[in-house]
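Undergrad: Just need the structure, nothing else, for what follows:
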Amino acid sequence: MREIEMQSINTIRMLSVDQIEKANSGHPGICMGAAPMAYTLFNKHININPENSKWFNRDRFILSAGHGSALLYSMLHLCGFDVTIEDLKEFRQLNSRTPGHPEVGHTHGVEATSGPLGQGIAQAVGMAMAEKHLAAKYNKDELNIIDHYTYAIVGDGDLMEGVANEAISLAGHLGLGKLIVLYDSNDICLDGKLSTSFSDNVIDRVKAMNWHTIKVGDGDTNVEAISAAIEEAKKATDKPTLIEIKTTIGYGAPNKGGTNGVHGAPLGANEYLETKTKLNWNYEPFTVPTEVKENFVNGVIARGKKKEAQWNELVNKYREKYPEFYDSLIAAINGELNINFEEVLPKYEKNESISTRNASGFTMNAIAKAYDGLFGGSADLAHSNMTYLKEQGDFRKESPEGKNIWFGVREFGMSSAGNGIMLHGGLRSFVSTFFVFSDYLKPAIRMSAIEKQPLIYVLTHDSIAVGEDGPTHEPIEQLAGLRAIPNVNVIRPADAHETNAAWQVALEDKETPSVLVLTRQNINVNAEFNCVDNVRKGAYIISEASQNPVAQIVATGSEVDLGIKAQKELENQGIFVDVVSMPCFRLFDMQDEVYKNSVLKTGIKKLGIEMASSFGWSKYVDDVLCIDTFGASGNGNEVMNLFGFNKETVVNKVKELI
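TA: Numbering: from 1, shown residues only. Below is the predicted model:
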């Protein structure tokens with residue numbers, strides 16, 4: 001290793017340690033141990049331009065082991081991103097630009113939010129999928145305008161997580177040759193030695209999942225071997241590559257290095273001073289030697305500027321030769337939909353009977369014909385979720401231009417990959433499964449919300465109406481749980497027209513994920529075709545009383561039709577009620593008081609009906625017909641009757657209420 005390389009690596013180590021010591025909080029072990037691989041990757045290989053951090057053909061990097069955020073912030077500072085020494089000094093402080101774990105959109109140069117272990121590598125898989133699909137779609141002849149790598153650094157903890165296993169399996173199956181994962185293999189976890197809880201042969205496991213694998217025995221000092229491994233990985237274009245790099249956690253700390261004591265706590269004053277001595281570091285805290293700055297300027301910064309300039313020349317040639325594809329690409333990069341929804345969306349007759357999952361399928365396919373950026377799939381349930389895009393091809397190793405992703409039974413990996421696709425840009429992605437299995441992917445929905453990525457979750461079979469499959473497949477608490485996540489639009493449309501509107505709302509949103517909760521059973525169409533403005537507001541009176549109402553029935557999804565049936569029966573008895581469709585609590589809560597009071601009228605009683613937990617309903621209504629137990633196995637109509645979801649029960653509940 002050359003002297004300047006050692007000095008650069010020690011600069012990374014000490015900048016990271018300085019952040020953690022000043023904050024008295026953080027994880028120095030990975031920052032010190034993984035510094036050589038981070039230095040080698042960034043200064044010798046990765047193509048990024050800090051002066052244009054959104055350059056579309058840049059390489060992507062995710063620190064999946066997000067607890068090592070101080071390492072990432074040090075790298076971003078040295079690589080010329082807008083992360084200053086003052087920012088490093090504010091590490092983990094309130095309102096700083098250097099939070100405890102990396103946050104996309106918050107810190108310049110951060111490509112993904114990470115920290116919950118396993119999700120980072122899964123998002124990297126999604127990014128690599130997006131690159132492969134867009135390359136197949138846009139590259140022509142020798143003009144490869146989409147041609148970049150996706151890199152990730154992972155730790156032992158990442159590779160223990162189930163979501164990482166799902167993602168690794170999917171990446172190998174799809175042959176994502178532009179995905180390169182550097183594994184910081186240090187044999188230590190937070191509680192102690194790794195061997196006490198983990199004895200997998202990671203190389204063999206990953207190789208069995210169709211990955212190319214390389215092992216570097218000395219990741220502490222041998223940057224040449226690390227660089228050679230990355231170079232080899234870049235050439236293995238038929239498979240993703242995992243490079244296991246053996247490191248010493250907390251390298252340079254004379255007493256705590258190599259132990260779990262350096263994993264998740266500051267070094268402390270004495271160990272800090274001894275570390276400086278051992279690393280021969282004779283600088284004040286937060287110092288970057290001039291020659292180290294120059295090393296990065298001449299390395300990653302110069303290379304990135306040159307690569308982008310070359311790419312711009314390539315794009316100019318592409319624009320001249322393929323103007324229509326160029327225009328399509330620019331629209332995709334800018335997130336333009338260019339859909340005339342009123343012309344595109346299917347229309348239905350009043351009282352036509354169709355399930356909202358089937359309606360969603362028709363809507364998706366209509367959109368896919370008008371907009372070529374839709375890209376997603378299902379966790380082995382496409383023909384139950386009705387999410388298969390007809391005549392759009394399958395995204396496979398041999399046909400990456402296809403738009404239907406066969407995710408397999410990998411719900412969490414699917415959804416995290418969906419987040420990665422969205423983070424990459426150029427596409428609008430969706431994922432789908434049964435609603436009850438949203439529990440398997442809930443952390444990914446939360447991540448979508450934190451990252452402000454408008455991924456669309458299509459979740460079908462939404463209630464006890466599933467029937468025969470019984471309690472394990474009948475959602476109860478899921479609606480309340482997902483509604484509790486900030487920045488998530490949980491939309492449960494009442495019929496086919498509201499389903500159209502739900503898709504339009506979801507696609508038009510720029511920073512909020514949407515969860516579309518859809519029925520298996522048929523429902524009558526009650527909403528008007530052009531109901532999107534009503535759905536955008538979260539709730540509206542779908543069926544007004546013919547005289548002054550004495551009560552209101554407030555419902556979501558399939559229960560809206562039940563409410564309208566009860567409304568008619570009540571009117572026959574001289575009792576007049578409104579029926580309110582409330583597809584999205586969050587969107588309704590965002591409206592002003594005047595609108596909210598015009599929908600949920602003051603001074604009259606309100607009954608909420610929903611085939612799910614009553615949790616969350618009390619702020620809108622006076623009483624509920626809900627389900628606060630698990631469901632039952634049997635014919636769907638019989639199960640609904642068992643729990644009181646019939647016209648007679650609703651009528652009686654209204655009478656009791658008034």
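Undergrad: Just the pLDDT at residue 1, thanks.
TA: On the pLDDT scale, residue 1 is placed at 83.
Undergrad: for it, what are its contacts?
TA: Contact analysis of residue 1 by CB atoms under 8 Å, 6 or more residues apart in numbering lists 221-224. The C-beta positions use only the backbone N, C-alpha and C, and glycine is treated the same way.
Undergrad: Then residue 315?
TA: Counted by CB under 8 Å, 6+ apart, residue 315 has contacts 145, 326.
Undergrad: what about it, helix or strand, and which?
TA: helix 302-321 (DSSP states H and E).
Undergrad: need the next SSE after that helix, C-terminal direction.
TA: Toward the C-terminus, helix 302-321 is succeeded by helix 323-333 as the next helix or strand (DSSP H and E).
Undergrad: how close does residue 581 get to residue 475?
TA: 19 Å (CB to CB, to the nearest Å).
Undergrad: For the two, work out which one has more neighbours and name it.
TA: residue 581 (31 against 26; other CB atoms under 10 Å).
Undergrad: Name the nearest residue to that one, ignoring sequence neighbours.
TA: residue 542 (4.1 Å; CB to CB, 6 or more residues apart in numbering).
Undergrad: same question, residue 135
TA: In space, and not counting its chain neighbours, residue 135 is closest to residue 146: 4.2 Å by CB to CB, 6+ apart.
Undergrad: Helices of the stretch 101-250 of the chain, start to end?
TA: For the stretch 101-250 of the chain, the helices defined by DSSP state H, counting those that start in this stretch cover 119-138, 156-160, 162-174, 202-208, 223-235.
Undergrad: Same list (those helices) but as a markdown table, adding distance to residue 460 and mean pLDDT.
TA: A markdown table is the format used below for the helices of the stretch 101-250 of the chain (distance: least, CB to CB, whole Å; pLDDT from 0 to 100):
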| stretch | distance to residue 460 | mean pLDDT |
| --- | --- | --- |
| helix 119-138 | 22 | 99 |
| helix 156-160 | 31 | 98 |
| helix 162-174 | 21 | 99 |
| helix 202-208 | 33 | 99 |
| helix 223-235 | 39 | 99 |
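Undergrad: can I assume residue 169 is in contact with residue 211?
TA: No. At 9.6 Å, residue 169 does not count as touching residue 211 under the criterion of CB atoms under 8 Å.
Undergrad: More neighbours: which of those two?
TA: More neighbours surround residue 211 than the other of residue 169 and residue 211, with 22 against 19 (other CB under 10 Å).
Undergrad: can you tell me how far the more buried one sits from residue 419?
TA: 21 Å.
Undergrad: burial count for the residue nearest to residue 135?
TA: For residue 146, using other CB under 10 Å, the count is 20.
Undergrad: Next up, the contacts around it.
TA: 56-57, 131, 134-135, 137-139.
Undergrad: Among the residues you listed, which one sits closest to residue 103?
TA: residue 56 (21.5 Å; CB to CB).
Undergrad: neighbours of that closest one, just the number please.
TA: Residue 56, neighbours per other CB under 10 Å, totals 19.
Undergrad: My reading is that it lies in a strand. Confirm?
TA: No. Applying DSSP: H, G, I helix; E, B strand; the rest coil, one finds residue 56 to be coil, outside a strand.
Undergrad: Can you read off the pLDDT for it?
TA: pLDDT, residue 56: 99.
Undergrad: who's in contact with it?
TA: 146, 333, 425-426.
Undergrad: are any of those buried, and which?
TA: Taking 16 or more other CB atoms under 10 Å as the criterion, what is buried in those is 146, 425-426.
Undergrad: With pLDDT and distance to residue 569 as extra columns, can I get those residues in JSON lines?
TA: As requested, these are exported to JSON lines (pLDDT from 0 to 100; distance: CB to CB, whole Å):
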{"residue": "146", "pLDDT": "99", "distance to residue 569": "59"}
{"residue": "425", "pLDDT": "99", "distance to residue 569": "52"}
{"residue": "426", "pLDDT": "99", "distance to residue 569": "52"}
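Undergrad: so which of these comes closest to residue 538?
TA: residue 425 (28.6 Å).
Undergrad: Nearest residue to the closest one in space, ignoring adjacent ones along the chain?
TA: Using CB to CB, 6+ apart, the nearest residue to residue 425 is residue 333, at 6.3 Å.
Undergrad: Would you agree the one you found is in contact with residue 427?
TA: No. Using CB under 8 Å, residue 333 is not in contact with residue 427; the gap is 10.2 Å.
Undergrad: still on that earlier bit, for the contacts of residue 56, which one is nearest residue 163?
TA: Nearest to residue 163 among the contacts of residue 56, counting by CB to CB, is residue 425 at 22.3 Å.
Undergrad: Now for the closest one: which residues touch it?
TA: 56, 130, 332-333, 335.
Undergrad: Report the two of the residues you listed separated the most.
TA: 130 and 335 (13.3 Å).
Undergrad: Between the two, which is the more surrounded one?
TA: Counted by other CB under 10 Å, residue 130 and residue 335 do not tie: residue 130 has more neighbours, with 24 against 13.
Undergrad: Would you confirm that that one contacts residue 428?
TA: No. Residue 130 is beyond contact range of residue 428, at 11.0 Å (criterion: CB under 8 Å).
Undergrad: so what sits against both of those two?
TA: By CB under 8 Å, 6+ apart, the residues touching both residue 130 and residue 428 are residue 375.
Undergrad: Now do the contacts for the residue lying closest to residue 550 once chain neighbours are set aside.
TA: Leaving out its chain neighbours, the residue that sits closest to residue 550 by CB to CB, 6+ apart is residue 658, at 5.3 Å. Residue 658 sits next to 550-551, 575, 605 when contact means CB under 8 Å, 6+ apart.
Undergrad: Check residue 519 too.
TA: Counted by CB under 8 Å, 6+ apart, residue 519 has contacts 355-357, 460-463, 465, 557-558.
Undergrad: for residue 418, same thing?
TA: Residue 418 neighbours (CB under 8 Å, 6+ apart): 126, 376, 429-431, 444, 448, 455.
Undergrad: all strands for the stretch 301-450 of the chain, in order.
TA: 353-354, 374-378, 394-395, 404-406, 428-434 (DSSP state E, counting those that start in this stretch).
Undergrad: rewinding a little: export the buried ones among the contacts of residue 56 to TSV and tack on distance to residue 339?
TA: Shown next, in TSV, are these (distance: CB to CB, whole Å):
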residue	distance to residue 339
146	23
425	18
426	16
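Undergrad: Of the residues you listed, which is the nearest to residue 76?
TA: residue 425 (19.4 Å).
Undergrad: Next one: the closest one relative to residue 54, how far apart?
TA: Residue 425 is 8 Å from residue 54, by CB to CB.
Undergrad: Residue 603 now?
TA: Applying CB to CB to residue 603 and residue 54 gives a distance of 53 Å.
Undergrad: quick one: which of these two has more around it?
TA: Higher neighbour count among residue 603 and residue 54: residue 54, with 8 against 5, using other CB under 10 Å.
Undergrad: And the contacts of residue 1, which of them are buried?
TA: Neighbour counting with 16+ other CB under 10 Å marks 222-223 as buried within the contacts of residue 1.
Undergrad: pLDDT weak spots in the stretch 451-600 of the chain?
TA: Applying pLDDT under 70 to the stretch 451-600 of the chain flags no residue at all.
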